[in-house]
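Undergrad: next one to model:
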Amino acid sequence: MKKILAVLVVCAFVFGGAVASYAKELKLGYVDLDKVFEEYYKTKDAYRSMDSKLKGKEAERKKMVDEVRRLKDELELLSDKGKEEKQNAIDEKIAALNEFDNKAKDELKKERIESIRTISGEIDAVIQDYGKGQGFDLILASRSLVFGKDEFDVTDAVVKILNAKAPAGSAQAAGKGKQ
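TA: Here you go, the predicted structure:
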């Protein structure tokens with residue numbers, strides 16, 4: 001019985017030492033996905049595009065609101081019979097305005113979600129390729145880390161790879177001189 005116990009103890013030390021030495025040879029890294037997402041030129045371009053569309057929708061909405069206000073001002077000057085017709089026109093304009101608001105919100109929300117999905121997929125692919133190309137065994141998202149040494153942070157390398165393909169008219173290319 002003592003011989004079996006001694007053999008088990010020796011095996012545990014040998015096996016434990018092998019696992020510990022293997023663990024020391026692992027190439028590990030982590031990446032700040034939020035930072036990568038925000039610094040990726042396609043994210044900046046998507047934000048700029050959505051902001052432009054939002055301003056366009058706001059301008060359209062302002063025209064519709066101004067039309068409703070104009071009709072309400074005219075309503076005050078009409079007789080009772082004319083007021084009823086004008087009120088119907090106002091109600092139709094308000095309904096159209098509400099429909100426009102809902103449609104615009106839905107369109108912008110869908111575009112935002114699709115942009116995030118596309119950009120996140122591209123980021124994931126670059127991280128996968130980077131990890132394989134650099135011989136990493138594991139790259140973690142920094143959100144799940146409590147602590148990580150800076151030497152294991154591959155965020156800047158991933159951002160650099162992503163932004164290396166930035167076309168001349170992109171937000172990243174426009175900001176290259178500022179960095």
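Undergrad: what's the helix or strand for Y30?
TA: Using DSSP states H and E, Y30 sits within strand 28-31.
Undergrad: any idea how far the residue nearest to I123 when sequence neighbours are not counted is from K62?
TA: Spatial nearest neighbour of I123, chain neighbours left out: V36 (5.6 Å); criterion: Cβ to Cβ, 6 or more residues apart in numbering. C-betas here are computed from N, CA, C, even on glycine. Taking Cβ to Cβ, to the nearest Å as the measure, V36 falls 37 Å from K62.
Undergrad: check which helices and strands the longest helix along the chain sits against.
TA: For the chain, the helix that runs over the most residues, judged by DSSP state H, is helix 80-133. Applying 3 or more Cβ pairs under 8 Å, 6 or more residues apart in numbering; DSSP states H and E, one finds that helix 80-133 makes contact with helix 33-39, helix 41-76, strand 138-141, helix 155-163.
Undergrad: okay, those in CSV with mean neighbour count next?
TA: Formatted as CSV, the helices and strands packed on helix 80-133 follow (neighbours: other Cβ atoms under 10 Å):
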stretch, mean neighbour count
helix 33-39, 17
helix 41-76, 14
strand 138-141, 14
helix 155-163, 18
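Undergrad: about what we covered before: okay, buried residues for the strand holding Y30 please.
TA: Buried residues in strand 28-31, counted by 16 or more other Cβ atoms under 10 Å: G29, Y30, V31.
Undergrad: show me the contact partners of that strand.
TA: By Cβ atoms under 8 Å, 6 or more residues apart in numbering, the surrounding residues in contact with strand 28-31 are 127, 131, 136-142, 145, 148, 152-155, 158.
Undergrad: now S144: how far from D124?
TA: 15 Å.
Undergrad: so for these two, which sits in the more crowded spot?
TA: With neighbours defined as other Cβ atoms under 10 Å, S144 and D124 compare such that D124 has more, 11 against 8.
Undergrad: got the confidence number for the most centrally placed residue in the chain?
TA: The central residue of the chain, meaning the one whose C-alpha is nearest the mean C-alpha position (Cα atoms, centre = their mean), is I116 at 4.3 Å. Confidence at I116, expressed as pLDDT, is 95.
Undergrad: what distance do you get for it to Y130?
TA: 21 Å.
Undergrad: before we move on, back to that, any chance of JSON lines for the helices and strands packed on helix 80-133, columns distance to D106 and mean pLDDT?
TA: Formatted as JSON lines, those follow (distance: least, Cβ to Cβ, whole Å; pLDDT from 0 to 100):
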{"stretch": "helix 33-39", "distance to D106": "23", "mean pLDDT": "95"}
{"stretch": "helix 41-76", "distance to D106": "11", "mean pLDDT": "91"}
{"stretch": "strand 138-141", "distance to D106": "30", "mean pLDDT": "93"}
{"stretch": "helix 155-163", "distance to D106": "30", "mean pLDDT": "95"}
